[in-house]
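J.: pasting the structure only:
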C-alpha cells in the first residue's frame with residue numbers, strides 16, 4: 001500500500017462522492033470542494049489542503065482529511081503555547097499537519113474514510129510512519145470520538161481534552177415538554193427571555209433547504225461579518241462560499257432562522273442538519289436586542305430538533321451560559337504527535353496536567369445542570 005497527499009479534494013472526487021461521508025454534512029466532497037473553490041482553504045488563509053490518501057494498485061482505498069497549516073486560526077483546539085515553545089528554542093512550529101473540518105468544531109465518527117474492511121491499527125501504523133518521514137513539525141487530529149482517541153493514544157499520539165455543550169432530545173413532544181424537565185427557576189428564566197422578544201414585536205421564521213434564497217444568504221452574511229467585526233476576529237468564510245452552498249447538494253442540509261422587528265430583518269443564525277444532529281454554526285445581528293442570540297441559536301434550534309425528531313443539538317465551541325438553557329457539558333477529544341523529542345516530553349506532561357484540570361472543570365460544571373433530579 002502506498003501513502004501520499006493530494007492538494008485538492010477534487011483529485012479524489014470519485015472516491016469521496018461515495019466514501020467520504022459521516023453523520024455530519026461537513027464531511028462531504030461538496031463541503032470541502034466549496035471551501036477550496038471559494039478560497040477559504042488556501043495559502044492566504046493558512047489552510048492548504050494536503051489530504052492523506054492510501055492507494056492500492058494506484059487506486060485510492062482510504063482518505064484522511066488533512067491540511068498543511070501555516071497558522072493556528074480556525075481550529076478550536078488552541079495550541080499557541082506549543083507554537084511559542086517551539087519558537088523559544090529556535091524551531092519552526094509551522095507548517096504543521098492538521099486533520100480536521102475547517103473552521104468547524106464538530107466531532108468526526110471516523111479518522112480515515114475507506115472502501116475497505118477497516119483494520120484501524122494497520123492504518124494508524126502506516127500513518128505514523130508517513131508522518132515521521134514528513135517535514136512537518138507535528139500532526140493534530142482534532143475532534144474525534146473517545147474510542148478513536150483512545151486508539152491513537154495507544155500508538156503514541158497524545159490525548160487532549162476539551163469541553164463542549166450539547167442539548168439532547170429525550171423524545172419531547174414540544175418545547176414545553178422540554179421546559180417541564182427543567183428546575184423551576186431555569187424554566188421561568190427561559191420563558192421570560194422568550195416573552196421579552198414577543199412583547200417587543202420580535203418574531204422568527206425558519207427556512208430550510210430550497211426555501212433559502214440568495215437574498216437570505218446575503219442578509220446572513222451581513223450579520224456574520226458584523227459579528228466578526230465586533231469580536232475583532234477573522235472572517236474565515238467568504239460570501240462566495242455561501243453562494244456555492246446554494247448550488248450544491250448541501251443546501252438540503254441547511255437551516256436559516258431569521259429574526260424580525262415587526263417586518264424589519266434584524267438577525268439570523270445558520271445551522272447544518274446531520275443524520276440525527278442539528279449543528280448550530282454561525283449567527284449575527286444588525287440590531288442589538290437582549291436575548292436575541294439565545295432565541296436564534298438555542299431555543300428555535302431546540303424547537304426545530306423536536307419537530308424533526310433530531311436527537312441532539314450542537315451549538316459550537318465554548319459557552320458555559322449554554323448550561324442554563326438545557327445544554328450538557330461533555331468532554332471532547334483530540335490527539336497530537338510532536339516530532340521533537342525534547343518538546344514532545346514537555347508537552348505530554350503539560351497535557352496530562354491539563355487533562356486533570358479539564359476533568360475538574362467538567363465535574364464543577366455538571367453541578368449546574370438545570371434539569372430536575
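T.: Noted; the coordinates are in hand. Quick caveat: nothing in here was measured; it's all calculated off a predicted structure. Numbers count the residues shown, from 1 in each chain.

J.: contacting residues around the residue nearest to residue 291 when sequence neighbours are not counted?
T.: Distance criterion C-beta to C-beta, 6 or more residues apart in numbering; nearest residue to residue 291, sequence neighbours excluded, is residue 193 at 4.2 Å. Every C-beta, even on glycine, is put in place using the N, C-alpha and C of the backbone. Residue 193 makes contact with 291, 294-295, 299, according to C-beta atoms under 8 Å, 6 or more residues apart in numbering.

J.: please state the offset of the helix or strand hosting residue 193 from the chain centre?
T.: Using DSSP states H and E, residue 193 sits in helix 184-199. Centroid displacement of helix 184-199 relative to its chain, using C-alpha atoms, centre = their mean, to the nearest Å, is 29 Å.

J.: and the nearest residue to residue 270 once chain neighbours are set aside, what element?
T.: Spatial nearest neighbour of residue 270, chain neighbours left out: residue 282 (4.8 Å); criterion: C-beta to C-beta, 6+ apart. Here residue 282 sits within strand 277-285, counting by DSSP H and E.

J.: can you check residue 259 too?
T.: According to DSSP H and E, residue 259 maps onto strand 254-261.

J.: buried residues in that strand?
T.: For strand 254-261, the neighbour count (16 or more other C-beta atoms under 10 Å) marks 254-259, 261 as buried.

J.: ditto for stretch 76-93
T.: Across stretch 76-93, burial judged by 16+ other C-beta under 10 Å covers 76-77, 79, 82-83, 85-86, 93.

J.: do stretch 277-289 as well
T.: Buried positions in stretch 277-289, judged by neighbour count with 16+ other C-beta under 10 Å: 277-285, 289.

J.: just the contacts of residue 193 now: which is nearest residue 105?
T.: Closest approach between the contacts of residue 193 and residue 105, by C-beta to C-beta: residue 294, at 19.7 Å.

J.: for the closest one, give me its contacts.
T.: By C-beta under 8 Å, 6+ apart, the residues touching residue 294 are 193, 325.

J.: report the separation between it and residue 124.
T.: Going from residue 294 to residue 124 by C-beta to C-beta, to the nearest Å gives 42 Å.

J.: next one: residue 291
T.: Here the criterion is C-beta to C-beta. By it, residue 291 lies 46 Å from residue 124.

J.: got CSV for the buried residues of stretch 76-93, with distance to residue 233 too?
T.: Below are those laid out as CSV (distance: C-beta to C-beta, whole Å):
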residue, distance to residue 233
76, 13
77, 17
79, 18
82, 21
83, 19
85, 25
86, 25
93, 22
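
J.: need those residues in TSV with secondary structure, distance to residue 219 and pLDDT, can you?
T.: Converted to TSV, the buried residues of stretch 76-93 look like this (DSSP: H, G, I helix; E, B strand; the rest coil; distance: C-beta to C-beta, whole Å; pLDDT from 0 to 100):
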residue	secondary structure	distance to residue 219	pLDDT
76	coil	26	94
77	coil	32	96
79	coil	35	96
82	helix	39	96
83	helix	37	96
85	helix	44	95
86	helix	43	96
93	coil	39	97
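
J.: and the helix holding residue 193 with strand 254-261, angle?
T.: Angle between the axes of helix 184-199 and strand 254-261 is 70 degrees (criterion: axes from the mean of the first three to the mean of the last three C-alpha atoms, to 10 degrees).

J.: who's residue 207 bridged to?
T.: Beta-bridge partners recorded for residue 207 (DSSP bridges): residue 256.
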